[in-house]
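Trainee: got a predicted structure plus its sequence, pasted below:
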Amino acid sequence: MTQEPVLFARGLNKRYGKVVAIDNSDFDLYPGEILAVIGDNGAGKSTLIKAVSGAVVPDSGEIRLDGKPVQFPNPQSARDAGIETVYQQLALSPALSIADNMFLGREIRREGFAGQYLRMLDKPKMRSVAREKLNELGLMTIQNIDQPVETLSGGQRQGVAVARAAAFGSKVLILDEPTAALGVKESRKVLDLILEVRSRGLPIVLISHNMPHVFEIADRIHVHRLGRRLCVIDPKAATMSDAVALMTGAKAPEASMLAAA
Ligand SMILES: Nc1ncnc2c1ncn2[C@@H]1O[C@H](COP(=O)(O)OP(=O)(O)OP(=O)(O)O)[C@@H](O)[C@H]1O
(Lines give C-alpha, C1' and ligand atoms only; values in the text may rest on other atoms or scores of the structure.)
Protein backbone atom coordinates (compact mmCIF):
# COMPACT_ATOMS: atom_id res chain seq x y z
CA MET A 1 0.00 0.00 0.00
CA THR A 2 1.23 3.45 -0.82
CA GLN A 3 -0.87 5.22 1.78
CA GLU A 4 0.19 5.95 5.35
CA PRO A 5 -1.59 3.91 8.01
CA VAL A 6 -4.20 5.79 10.05
CA LEU A 7 -3.33 3.71 13.08
CA PHE A 8 0.10 2.15 13.36
CA ALA A 9 1.85 0.22 16.12
CA ARG A 10 5.25 -1.38 16.38
CA GLY A 11 6.73 -3.62 19.02
CA LEU A 12 3.89 -3.48 21.52
CA ASN A 13 4.41 -5.52 24.66
CA LYS A 14 2.11 -6.21 27.58
CA ARG A 15 2.65 -8.68 30.38
CA TYR A 16 0.44 -9.69 33.24
CA GLY A 17 2.87 -11.17 35.75
CA LYS A 18 4.33 -14.14 33.92
CA VAL A 19 1.70 -14.12 31.18
CA VAL A 20 2.80 -12.39 28.01
CA ALA A 21 -0.44 -11.08 26.51
CA ILE A 22 1.19 -9.31 23.55
CA ASP A 23 4.74 -9.91 22.53
CA ASN A 24 6.41 -7.41 20.21
CA SER A 25 3.19 -6.95 18.29
CA ASP A 26 2.74 -4.82 15.18
CA PHE A 27 -0.45 -3.39 13.76
CA ASP A 28 -1.46 -1.30 10.72
CA LEU A 29 -4.86 0.06 9.79
CA TYR A 30 -5.11 1.87 6.45
CA PRO A 31 -7.58 4.59 5.44
CA GLY A 32 -11.03 3.39 4.42
CA GLU A 33 -10.47 -0.30 5.07
CA ILE A 34 -12.10 -2.97 7.16
CA LEU A 35 -9.27 -4.82 8.88
CA ALA A 36 -10.32 -8.05 10.60
CA VAL A 37 -8.23 -9.27 13.53
CA ILE A 38 -8.42 -13.02 14.01
CA GLY A 39 -6.59 -15.46 16.25
CA ASP A 40 -7.09 -18.36 18.59
CA ASN A 41 -8.42 -17.85 22.13
CA GLY A 42 -5.79 -16.15 24.23
CA ALA A 43 -3.70 -15.10 21.21
CA GLY A 44 -3.73 -11.51 22.45
CA LYS A 45 -6.24 -9.88 20.08
CA SER A 46 -8.17 -8.06 22.80
CA THR A 47 -5.01 -6.88 24.51
CA LEU A 48 -3.66 -5.52 21.22
CA ILE A 49 -6.89 -3.66 20.53
CA LYS A 50 -7.04 -2.39 24.11
CA ALA A 51 -3.49 -1.10 23.78
CA VAL A 52 -4.32 0.97 20.70
CA SER A 53 -7.54 2.28 22.25
CA GLY A 54 -6.29 3.28 25.69
CA ALA A 55 -7.96 0.50 27.69
CA VAL A 56 -4.55 -1.04 28.42
CA VAL A 57 -1.27 0.83 28.65
CA PRO A 58 1.43 -1.22 26.91
CA ASP A 59 4.69 -1.85 28.76
CA SER A 60 6.60 -0.75 25.69
CA GLY A 61 6.18 -0.09 21.98
CA GLU A 62 5.14 2.69 19.69
CA ILE A 63 1.71 3.84 18.52
CA ARG A 64 1.04 6.45 15.85
CA LEU A 65 -2.22 8.00 14.80
CA ASP A 66 -2.09 9.70 11.39
CA GLY A 67 1.67 9.43 11.57
CA LYS A 68 1.99 11.22 14.91
CA PRO A 69 3.29 9.36 17.98
CA VAL A 70 0.55 9.03 20.61
CA GLN A 71 0.13 7.64 24.10
CA PHE A 72 -3.26 6.82 25.47
CA PRO A 73 -3.26 6.62 29.26
CA ASN A 74 -7.00 5.81 29.26
CA PRO A 75 -9.89 5.13 26.87
CA GLN A 76 -11.09 8.73 27.06
CA SER A 77 -7.81 10.00 25.66
CA ALA A 78 -8.14 7.62 22.68
CA ARG A 79 -11.76 8.72 22.19
CA ASP A 80 -10.71 12.35 22.27
CA ALA A 81 -8.21 11.52 19.52
CA GLY A 82 -10.98 9.98 17.36
CA ILE A 83 -10.75 6.27 18.19
CA GLU A 84 -14.07 4.74 19.22
CA THR A 85 -14.36 1.17 20.49
CA VAL A 86 -17.48 -0.95 20.82
CA TYR A 87 -16.92 -3.87 23.17
CA GLN A 88 -18.90 -7.06 23.18
CA GLN A 89 -20.35 -6.08 26.53
CA LEU A 90 -22.05 -3.01 25.19
CA ALA A 91 -21.67 0.07 27.30
CA LEU A 92 -25.29 1.05 26.86
CA SER A 93 -27.65 1.95 29.69
CA PRO A 94 -30.71 -0.26 29.24
CA ALA A 95 -33.17 2.00 31.03
CA LEU A 96 -32.21 5.10 29.05
CA SER A 97 -33.64 5.96 25.66
CA ILE A 98 -31.85 5.48 22.35
CA ALA A 99 -31.26 9.22 22.11
CA ASP A 100 -29.89 9.43 25.66
CA ASN A 101 -27.61 6.47 25.01
CA MET A 102 -26.25 8.07 21.86
CA PHE A 103 -25.09 11.02 23.95
CA LEU A 104 -24.10 9.24 27.14
CA GLY A 105 -21.08 11.11 28.47
CA ARG A 106 -21.30 13.67 25.66
CA GLU A 107 -24.58 15.37 26.39
CA ILE A 108 -25.39 18.50 24.48
CA ARG A 109 -26.20 21.36 26.87
CA ARG A 110 -28.54 24.21 26.17
CA GLU A 111 -27.08 27.42 24.94
CA GLY A 112 -26.43 30.31 27.29
CA PHE A 113 -27.09 30.47 31.03
CA ALA A 114 -29.34 27.38 31.19
CA GLY A 115 -26.66 25.17 29.71
CA GLN A 116 -23.54 26.77 31.05
CA TYR A 117 -24.61 27.33 34.65
CA LEU A 118 -27.66 25.14 35.21
CA ARG A 119 -26.14 22.31 33.08
CA MET A 120 -29.52 21.84 31.42
CA LEU A 121 -29.58 19.43 28.50
CA ASP A 122 -30.73 20.29 25.02
CA LYS A 123 -33.00 17.26 24.66
CA PRO A 124 -34.64 18.26 21.35
CA LYS A 125 -31.20 18.79 19.78
CA MET A 126 -29.94 15.43 21.10
CA ARG A 127 -33.05 13.71 19.80
CA SER A 128 -32.74 15.25 16.36
CA VAL A 129 -29.01 14.52 16.05
CA ALA A 130 -29.59 10.92 17.22
CA ARG A 131 -32.35 10.50 14.65
CA GLU A 132 -30.17 11.98 11.94
CA LYS A 133 -27.24 9.66 12.77
CA LEU A 134 -29.38 6.53 12.92
CA ASN A 135 -31.09 7.55 9.73
CA GLU A 136 -27.81 8.13 7.91
CA LEU A 137 -26.77 4.61 8.76
CA GLY A 138 -30.05 3.10 7.64
CA LEU A 139 -31.09 2.31 11.22
CA MET A 140 -34.45 3.94 11.19
CA THR A 141 -36.22 0.65 11.66
CA ILE A 142 -35.81 1.75 15.26
CA GLN A 143 -38.95 3.80 15.24
CA ASN A 144 -38.92 5.65 18.46
CA ILE A 145 -35.85 7.44 19.55
CA ASP A 146 -37.33 7.81 23.06
CA GLN A 147 -37.73 4.05 23.43
CA PRO A 148 -35.58 2.60 26.25
CA VAL A 149 -32.70 0.52 24.94
CA GLU A 150 -33.86 -2.47 27.04
CA THR A 151 -36.85 -2.83 24.72
CA LEU A 152 -34.64 -3.30 21.64
CA SER A 153 -33.48 -6.58 20.16
CA GLY A 154 -29.81 -7.58 20.42
CA GLY A 155 -29.15 -6.51 16.85
CA GLN A 156 -30.83 -3.17 17.33
CA ARG A 157 -28.78 -2.55 20.47
CA GLN A 158 -25.62 -3.40 18.61
CA GLY A 159 -26.81 -1.02 15.90
CA VAL A 160 -27.22 1.80 18.39
CA ALA A 161 -23.74 1.13 19.83
CA VAL A 162 -22.15 1.06 16.37
CA ALA A 163 -24.06 4.16 15.28
CA ARG A 164 -22.95 6.00 18.39
CA ALA A 165 -19.33 5.04 17.86
CA ALA A 166 -19.50 5.86 14.14
CA ALA A 167 -21.10 9.20 14.91
CA PHE A 168 -18.33 10.22 17.28
CA GLY A 169 -15.33 8.29 16.01
CA SER A 170 -13.68 10.65 13.62
CA LYS A 171 -10.67 8.47 12.76
CA VAL A 172 -11.06 4.82 13.72
CA LEU A 173 -13.90 2.51 14.71
CA ILE A 174 -13.00 -0.67 16.61
CA LEU A 175 -15.61 -3.41 16.96
CA ASP A 176 -15.00 -6.35 19.28
CA GLU A 177 -17.12 -9.35 18.22
CA PRO A 178 -20.09 -7.27 17.08
CA THR A 179 -22.08 -10.27 15.82
CA ALA A 180 -21.15 -12.84 18.49
CA ALA A 181 -24.46 -12.74 20.34
CA LEU A 182 -26.70 -12.24 17.31
CA GLY A 183 -28.88 -14.41 15.12
CA VAL A 184 -28.55 -14.66 11.35
CA LYS A 185 -30.85 -11.77 10.45
CA GLU A 186 -29.49 -9.45 13.09
CA SER A 187 -25.90 -10.26 12.14
CA ARG A 188 -26.76 -9.40 8.55
CA LYS A 189 -27.98 -5.96 9.61
CA VAL A 190 -24.89 -5.30 11.69
CA LEU A 191 -22.61 -6.40 8.81
CA ASP A 192 -24.49 -4.09 6.45
CA LEU A 193 -24.10 -1.30 8.97
CA ILE A 194 -20.34 -1.90 9.15
CA LEU A 195 -20.15 -1.76 5.33
CA GLU A 196 -22.15 1.46 5.40
CA VAL A 197 -19.74 2.97 7.93
CA ARG A 198 -16.80 2.01 5.71
CA SER A 199 -18.48 3.58 2.68
CA ARG A 200 -18.51 6.83 4.65
CA GLY A 201 -14.75 6.61 4.82
CA LEU A 202 -14.22 5.56 8.45
CA PRO A 203 -11.70 2.70 8.74
CA ILE A 204 -12.83 -0.20 10.91
CA VAL A 205 -11.06 -2.82 12.98
CA LEU A 206 -13.21 -5.92 13.39
CA ILE A 207 -12.22 -8.54 15.95
CA SER A 208 -14.14 -11.70 15.19
CA HIS A 209 -14.10 -15.46 15.45
CA ASN A 210 -16.74 -15.71 12.75
CA MET A 211 -14.84 -16.66 9.60
CA PRO A 212 -17.74 -16.27 7.14
CA HIS A 213 -18.35 -12.75 8.44
CA VAL A 214 -14.66 -11.90 8.33
CA PHE A 215 -14.24 -13.23 4.81
CA GLU A 216 -17.35 -11.48 3.63
CA ILE A 217 -16.54 -7.95 4.74
CA ALA A 218 -12.82 -7.60 5.51
CA ASP A 219 -10.43 -5.97 3.07
CA ARG A 220 -7.44 -7.46 4.90
CA ILE A 221 -7.13 -9.96 7.74
CA HIS A 222 -4.55 -9.54 10.52
CA VAL A 223 -3.74 -13.00 11.89
CA HIS A 224 -2.64 -12.87 15.52
CA ARG A 225 -0.80 -15.81 17.02
CA LEU A 226 1.05 -16.25 20.32
CA GLY A 227 0.87 -12.57 21.18
CA ARG A 228 1.99 -11.11 17.89
CA ARG A 229 1.00 -10.42 14.30
CA LEU A 230 1.84 -13.51 12.31
CA CYS A 231 0.82 -12.10 8.92
CA VAL A 232 -1.84 -10.09 7.13
CA ILE A 233 -3.74 -12.06 4.53
CA ASP A 234 -5.88 -11.11 1.58
CA PRO A 235 -9.34 -12.70 1.91
CA LYS A 236 -9.45 -13.04 -1.88
CA ALA A 237 -6.19 -14.96 -1.96
CA ALA A 238 -6.59 -17.22 1.10
CA THR A 239 -9.40 -19.52 2.18
CA MET A 240 -11.14 -19.81 5.53
CA SER A 241 -9.33 -23.08 6.16
CA ASP A 242 -6.02 -21.35 5.41
CA ALA A 243 -6.95 -18.71 8.00
CA VAL A 244 -7.79 -21.30 10.65
CA ALA A 245 -4.59 -23.23 9.87
CA LEU A 246 -2.54 -20.05 10.28
CA MET A 247 -4.26 -19.18 13.57
CA THR A 248 -3.61 -22.58 15.05
CA GLY A 249 -0.09 -22.99 13.70
CA ALA A 250 -1.03 -25.89 11.42
CA LYS A 251 0.26 -23.88 8.47
CA ALA A 252 2.93 -21.25 7.92
CA PRO A 253 2.06 -18.12 5.93
CA GLU A 254 2.60 -18.45 2.17
CA ALA A 255 3.52 -15.49 -0.02
CA SER A 256 0.47 -16.02 -2.26
CA MET A 257 -1.93 -15.45 0.68
CA LEU A 258 -0.49 -12.19 1.92
CA ALA A 259 -2.22 -8.85 1.59
CA ALA A 260 -0.32 -5.89 0.21
CA ALA A 261 1.03 -3.89 3.13
N1 LIG B 1 -6.17 -8.43 32.80
C2 LIG B 1 -5.47 -9.56 32.61
N3 LIG B 1 -4.84 -10.17 33.63
C4 LIG B 1 -4.14 -11.30 33.45
N5 LIG B 1 -3.99 -11.92 32.26
C6 LIG B 1 -4.59 -11.37 31.22
C7 LIG B 1 -5.36 -10.16 31.32
N8 LIG B 1 -5.82 -9.85 30.08
C9 LIG B 1 -5.38 -10.80 29.25
N10 LIG B 1 -4.64 -11.70 29.91
C11 LIG B 1 -3.99 -12.89 29.33
O12 LIG B 1 -3.30 -12.48 28.17
C13 LIG B 1 -3.47 -13.45 27.13
C14 LIG B 1 -4.10 -12.80 25.92
O15 LIG B 1 -5.44 -12.47 26.22
P16 LIG B 1 -6.42 -11.71 25.21
O17 LIG B 1 -7.73 -11.55 25.93
O18 LIG B 1 -5.77 -10.52 24.68
O19 LIG B 1 -6.57 -12.79 24.06
P20 LIG B 1 -7.65 -12.89 22.90
O21 LIG B 1 -6.93 -13.29 21.67
O22 LIG B 1 -8.46 -11.66 22.83
O23 LIG B 1 -8.53 -14.10 23.39
P24 LIG B 1 -10.10 -14.46 23.16
O25 LIG B 1 -10.27 -14.72 21.70
O26 LIG B 1 -10.24 -15.68 23.97
O27 LIG B 1 -10.88 -13.30 23.65
C28 LIG B 1 -4.29 -14.58 27.72
O29 LIG B 1 -3.41 -15.57 28.17
C30 LIG B 1 -5.00 -13.92 28.87
O31 LIG B 1 -5.29 -14.84 29.88
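Mentor: Done, it's in.
Trainee: once you drop chain neighbours, what's closest to L195?
Mentor: Distances taken as C-beta to C-beta, 6 or more residues apart in numbering place I217 nearest to L195, at 6.0 Å, with adjacent residues excluded. No exception for glycine: its C-beta is placed from N, CA and C like everyone else's.
Trainee: can you check S187 too?
Mentor: Sequence neighbours aside, T179 is the residue nearest to S187 in space, at 4.1 Å (criterion: C-beta to C-beta, 6+ apart).
Trainee: any idea how far that neighbour is from A166?
Mentor: Per C-beta to C-beta, to the nearest Å, T179 is found 16 Å from A166.
Trainee: same question, M120
Mentor: 27 Å.
Trainee: so for those two, which sits in the more crowded spot?
Mentor: A166 (24 against 15; other C-beta atoms under 10 Å).
Trainee: that one: what's it in contact with?
Mentor: E84, K133, L137, L173, V197, R200, L202 (C-beta atoms under 8 Å, 6 or more residues apart in numbering).
Trainee: now with 10 Å, please.
Mentor: Contact analysis of A166 by C-beta atoms under 10 Å, 6 or more residues apart in numbering lists 84, 86, 133, 136-137, 173, 175, 193-194, 196-198, 200, 202, 204.
Trainee: and I83, by the same measure?
Mentor: By C-beta under 10 Å, 6+ apart, I83 lies in contact with 6-7, 29, 52-54, 65, 70, 72, 75, 77, 165, 169-174, 205.
Trainee: now, those residues that are in strands?
Mentor: L7, L29, L65, V70, V172, L173, I174, V205 (DSSP state E).
Trainee: can you tell me the element V232 falls in?
Mentor: Applying DSSP states H and E as the criterion places V232 in strand 228-233.
Trainee: for A218, grab phi and psi.
Mentor: For A218, the backbone dihedrals (degrees, to the nearest 10) come out as phi -80, psi 150.
Trainee: count of neighbours near it?
Mentor: 24.
Trainee: for it, which non-adjacent residue is closest in space?
Mentor: A36 (3.7 Å).
Trainee: just to check, that neighbour is in contact with V214?
Mentor: Yes - if you go by C-beta atoms under 10 Å, A36 and V214 touch, sitting 4.3 Å apart.
Trainee: mind checking pLDDT for Q147?
Mentor: In this model, Q147 is scored at 81, pLDDT.
Trainee: report the contact partners of it.
Mentor: Q147 sits next to S97, I98, A99, Q156 when contact means C-beta under 10 Å, 6+ apart.
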